[in-house]
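Visitor: Have a look at this fold, sequence not included:
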């Protein structure tokens, strides 16, 4: 056997070993299931809260397409960010940096899922929802991941729009329109995103610094970041109450959203006024955890109110 043949054989065996490492769990991990669960949940709320009645089968197809499209965005993000994922502690065990799946395989995986989700949603539900889903995938994968993330500390502010579109997609799937109500749901997530991720970036600053990602604390400093967290918290708190003001959120939602919004602002102020670095990091972690509770609770209560109202209307005839 010649040296070339030996090298080719070794390369083929290496490829087989590389690919054999990847299992179904790894391909699911490429979809960023934690992020996808939030995408599916908020998209589902947008669909249910929308007026009128949607065929249950079409509704299930719409939610499935939103889930697949969101997962496709995650896969494309992991493909492009493989270099920095290898550096950051919280991402180095992802399938690509762990050596479980090839980068080109992930790229193909993301593209196929993107096309499938958009075309299925368009053909079976409506093209407005499909167009919004396509734009969301493009915005997250290209505008945020390939451009904003590595070029500006405002990356998460502008890029946060991608995570805010799912309820609007769900609403469009159910109604074929974009309304003020769906825009409000978009704004809640859009304004929630900066304080949520900047709180995270405060106590993971070293990771971003090592990967040369210009997150706000690394570029403008921790003090400026804490101040901007306060500003965005003060913006999201009143916007969170708007569903009640506009009449598509009930009294329970109104009271809860006002209370949680006040706590959100209080947590942000505690972070701003924390006297020393260790206390600031504790406050940042507390705000990060509470921000997850805040968004989940708002959308959950909104969903439950609508579901209860629909059940009572059916019982009442």
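Guide: Cool, got the structure. These numbers come from a predicted model, not from an experiment. Numbering: from 1, shown residues only.

Visitor: who's in contact with residue 184?
Guide: Going by Cβ atoms under 8 Å, 6 or more residues apart in numbering, residue 184 touches 239, 242-243, 246. For glycine as for every other residue, the C-beta is placed from the backbone atoms N, C-alpha and C.

Visitor: Please report the distance of it from residue 131.
Guide: Residue 184 sits 20 Å away from residue 131, taking Cβ to Cβ, to the nearest Å as the criterion.

Visitor: And for residue 121?
Guide: 9 Å.

Visitor: More neighbours: which of those two?
Guide: Neighbour count, other Cβ atoms under 10 Å: between residue 121 and residue 131, residue 121 has more, with 29 against 15.

Visitor: continuing past the strand or helix carrying that one, what's the next helix or strand?
Guide: Here residue 121, judged by DSSP states H and E, is contained in helix 103-124. Scanning forward in sequence from helix 103-124 by DSSP H and E, the next helix or strand is helix 127-138.

Visitor: Report all helices and strands that that next one contacts.
Guide: Using 3 or more Cβ pairs under 8 Å, 6 or more residues apart in numbering; DSSP states H and E, the elements in contact with helix 127-138 are helix 56-80, helix 103-124, helix 166-175.

Visitor: sorry, back to before: give me the buried entries from the contacts of residue 184.
Guide: Among those, those scoring as buried are 239, 242-243 (criterion: 16 or more other Cβ atoms under 10 Å).

Visitor: Out of those, the closest to residue 287 would be?
Guide: Set against residue 287, the nearest of the buried ones among the contacts of residue 184 by Cβ to Cβ is residue 239 (17.6 Å).

Visitor: in the helix or strand hosting the closest one, what counts as buried?
Guide: Assigned by DSSP H and E, residue 239 belongs to helix 222-245. Of the residues in helix 222-245, those buried by neighbour count under the rule 16+ other Cβ under 10 Å are 222, 225-226, 228-230, 232-237, 239-244.

Visitor: Could you identify which of the helices and strands packed on helix 127-138 is most buried?
Guide: helix 166-175 (a mean of 28; mean count of other Cβ atoms under 10 Å).

Visitor: and it with helix 103-124, angle?
Guide: Here the directions of helix 166-175 and helix 103-124 differ by 30 degrees (axes from the mean of the first three to the mean of the last three Cα atoms, to 10 degrees).

Visitor: which residues touch helix 166-175?
Guide: 39-40, 42-52, 54, 58-59, 62-63, 66, 70, 121, 125-126, 128-129, 132-133, 136, 177-179, 181-183, 185-186, 189, 299.

Visitor: Average pLDDT for that helix, rounded please.
Guide: Looking at helix 166-175 alone, the average pLDDT works out to 97.

Visitor: So what's the residue count around the nearest residue to residue 136 once chain neighbours are set aside?
Guide: Closest residue in space to residue 136, ignoring its immediate chain neighbours: residue 165 at 4.3 Å, by Cβ to Cβ, 6 or more residues apart in numbering. For residue 165, the count of nearby residues is 29 (other Cβ under 10 Å).

Visitor: gap between residue 165 and residue 139?
Guide: Taking Cβ to Cβ, one finds residue 165 at 8 Å from residue 139.

Visitor: Quick check, the residue nearest to residue 136 in contact with residue 134.
Guide: No: in this structure residue 165 lies outside contact range of residue 134 using Cβ atoms under 8 Å: 10.6 Å.

Visitor: about what we covered before: which ones are touching the residue nearest to residue 136?
Guide: 132-133, 135-136, 139, 186.

Visitor: What about it? Give its phi and psi, please.
Guide: phi -80, psi -30 (degrees, to the nearest 10).

Visitor: So for residue 212, what's the pLDDT?
Guide: For residue 212, the predicted pLDDT is 89.

Visitor: for stretch 33-50, which positions count as buried?
Guide: Under 16+ other Cβ under 10 Å, the buried positions of stretch 33-50 are 35-36, 38-50.

Visitor: ok, residue 191 to residue 106 distance?
Guide: 32 Å.

Visitor: Please apply the same query to residue 303.
Guide: The spacing between residue 303 and residue 106, counted by Cβ to Cβ, is 33 Å.

Visitor: and residue 143, how far is that from residue 162?
Guide: Counting by Cβ to Cβ, the gap from residue 143 to residue 162 is 8 Å.

Visitor: go on, residue 54?
Guide: 24 Å.

Visitor: Go through the buried residues of stretch 33-50 and name the one nearest residue 91.
Guide: Looking across the buried residues of stretch 33-50 and measuring by Cβ to Cβ, the closest to residue 91 is residue 35, at 12.7 Å.

Visitor: wait, that closest one sits on residue 74?
Guide: Yes: using Cβ under 8 Å, residue 35 is in contact with residue 74, at 6.0 Å.
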